[in-house]
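Asker: fold the following and give me the result.
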Amino acid sequence: MESPFKGDILKGKVGLLTGGGSGIGYEIAAELGKHGASIAIMGRRKHVLDSAVSALQSLGIHAIGIEGDVRKREDAARVIETTITQFGKLDILVNAAAGNFLVPAENLSPNGFRTVIDIDAIGTFTMCHEALIYLKKGGTIINISATLHYTATWYQIHVSAAKAAVDSLTRSLALEWGTDYGIRVNGIAPGPIDDTAGVTKLLPDDVKRKSREASALYRMGKKWDIAMAALYLASDAGNFVNGTTLVVDGGIWLSNPRHMSKEAVKQVSKEAEKRSRNAPVGVAKSNL
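Answerer: Below is the predicted model:
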């Protein structure tokens, strides 16, 4: 799809993306790069990084891949320092690394719970903390969250807890670092996004169909949709947006099953109006 943004809106910027080798992270990396930014992607699997870097470079993007685990502070520091050595600065940090799997809470071990918290929540804080010294010159942070914890989600208690923590980190860092250093910290909460591991591995086909039907826009999200939201937040278009987690899910999290058709609602309304008009004088219409 064609971007609605000018092709040079991030010219001269440098972006570092955790989890940038695949899925939503890669799509954001590609769009930031196509709009002028130099890109560093971080991940644990060298072959995934190598493939992603080759794909980015084929698009004419100045890109590098750096192996590292967001759960390890020494890795976070090394990756950030390598980015600075390669590009001379850091303007945009996108925390997209995440862990997820389906499991009933009663079968989830404390270690399994801790693993997702470590990747999503502690990993996000660690990257932000290590990048702070370089972002003080006017950078921005985008944390990839989710909508799972806005109500409750079956069999994902670990992810819901982790993303709730990420949202809290986003708000607190936006307050502190926005005030002290002018750093904007925002989040993006994707809904079900087609052609991602979170959908292909975790959602059966009937659940995917129900997700499409629940959306006010009656479709699954695309990785491109999330990348466009990231472009907005990273660019000057979003320069007065701080501490916000932008929900990009087509309205799914707002949705409830439709119990009556529009035609049935119209008929019920007509009947109620007719009864109201014919009510005896002195009978309160609110009691009808």
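Asker: from now on I want contacts and neighbour counts done on CA atoms only, so please keep to that.
Answerer: OK.
Asker: okay, buried residues for stretch 41-58 please.
Answerer: Burial within stretch 41-58, assessed by neighbour count using 16 or more other CA atoms under 10 Å, is assigned to 41-44, 49-50, 52-53, 55-57.
Asker: now do the helices in the stretch 1-150 of the chain.
Answerer: Remark: helices assigned in the stretch 1-150 of the chain by DSSP state H, counting those that start in this stretch are 23-34, 46-58, 73-87, 110-116, 123-135.
Asker: out of those, which comes closest to residue 273?
Answerer: Among those, the nearest to residue 273 by CA to CA is helix 23-34 (50.1 Å).
Asker: pLDDT weak spots in the chain?
Answerer: Within the chain, the segments meeting pLDDT under 70 span 196-219, 256-260, 265, 268, 279-288.
Asker: the same query, at a cut-off of 80, please.
Answerer: 137, 194-220, 255-288 (pLDDT under 80).
Asker: other SSEs contacting the longest helix along it?
Answerer: The longest helix of the chain (DSSP state H) is helix 157-181. Here helix 157-181 touches helix 110-116, strand 184-190, going by 3 or more CA pairs under 8 Å, 6 or more residues apart in numbering; DSSP states H and E.
Asker: on that earlier part again, how about the helices of the stretch 1-150 of the chain, which one is nearest residue 193?
Answerer: Of all these, helix 23-34 comes closest under CA to CA, at 8.5 Å.
Asker: all strands for the stretch 151-288 of the chain, in order.
Answerer: Counting by DSSP state E, counting those that start in this stretch, the stretch 151-288 of the chain has strands at residues 184-190, 245-248.
Asker: number of residues surrounding residue 132?
Answerer: Using other CA atoms under 10 Å, residue 132 has 19 neighbouring residues.
Asker: try residue 1
Answerer: 5.
Asker: again with the one 5 residues further on
Answerer: The local packing of residue 6 (other CA under 10 Å) involves 9 other residues.
Asker: backbone dihedrals for it, please?
Answerer: Residue 6 has phi and psi values of phi -60, psi 150 when expressed as degrees, to the nearest 10.
Asker: which residues touch residue 9?
Answerer: With contact set as CA atoms under 8 Å, 6 or more residues apart in numbering, residue 9 has these partners: 35-36, 235-236.
Asker: just to revisit the earlier point, out of the strands of the stretch 151-288 of the chain, deepest packed?
Answerer: The highest mean neighbour count among the strands of the stretch 151-288 of the chain, using mean count of other CA atoms under 10 Å, belongs to strand 184-190: a mean of 26.
Asker: export it to PDB, keeping only CA atoms.
Answerer: What follows is strand 184-190 as a C-alpha-only set of coordinates in PDB (Å, rounded to 0.1, in the frame of the first residue of the first chain):
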ATOM      1  CA  ARG A 184       8.500  11.700  23.700                       C
ATOM      2  CA  VAL A 185       7.500   8.200  24.800                       C
ATOM      3  CA  ASN A 186       4.400   6.600  23.300                       C
ATOM      4  CA  GLY A 187       3.000   3.200  22.600                       C
ATOM      5  CA  ILE A 188       1.000   1.300  19.900                       C
ATOM      6  CA  ALA A 189      -1.500  -1.400  20.900                       C
ATOM      7  CA  PRO A 190      -2.200  -3.500  17.800                       C
END
